[in-house]
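Student: Output the structure for:
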Amino acid sequence: MEAFALANKTQEYDEAQTLNVKQLAGVGTVTWNLQTQQNAEITLTGSITMAAPLGWKKGRLAMLEVIQGGSGSYTITWASSYKDVSTLSLNGTAGQSTLLVFKCIGRSAVMLISSKNCTRA
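Tutor: Numbers count the residues shown, from 1 in each chain. As a prediction, the model looks like this:
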């Protein structure tokens, strides 16, 4: 497989990035492996704690869709390695979701770069 590049490229990618969406467990303490679950979704069936992510690589982008299951209004407590999540407001409506995009930064940390509340079909 050839590397993806633009004509006037400023960055090269040294590994393929997958678009497969992986399902994360939606209870207790959840560990997200950014190498094997780069694009993931989680259906909350209760409030959870997101443990520090595994498999991070500086510059990698990762997407997480948080879906409210059950009666909704569940919350996430984020490990300190998740940056810029302190003001994050999840869509609390049952059956609806919030789409989050993170960028891996230095020292095993990921920074929230985008969030969008969504209506699921």
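Student: If you rank every helix and strand of this structure by mean pLDDT, what lands last?
Tutor: strand 21-24 (a mean of 91; mean pLDDT, DSSP states H and E).
Student: and the next element down the chain from it?
Tutor: strand 29-30 (DSSP states H and E).
Student: which neighbours does that following strand have in its sheet, and in what orientation?
Tutor: Using DSSP bridges, the strands paired with strand 29-30 are strand 48-50 (parallel).
Student: Sort out which residues of the strand it pairs with are buried, please.
Tutor: Across strand 48-50, burial judged by 16 or more other CB atoms under 10 Å covers 48, 50. (C-beta placed from N, C-alpha, C; glycine too.)
Student: List the buried residues of the helix or strand that it is followed by.
Tutor: Downstream of strand 48-50, the next assigned helix or strand under DSSP H and E is strand 61-68. Going by neighbour count (16+ other CB under 10 Å), the buried part of strand 61-68 is 62, 64-68.
Student: How about stretch 48-60?
Tutor: For stretch 48-60, by 16+ other CB under 10 Å, it's 48, 50, 53, 56, 60.
Student: what residues are up against the last one?
Tutor: Translated: Arg60. 17, 34, 38, 103-104 (CB atoms under 8 Å, 6 or more residues apart in numbering).
Student: Equivalent analysis for the second one, please.
Tutor: Counting by CB under 8 Å, 6+ apart, Met50 touches 29-30, 32, 76-79, 82.
Student: That'll do, ta.
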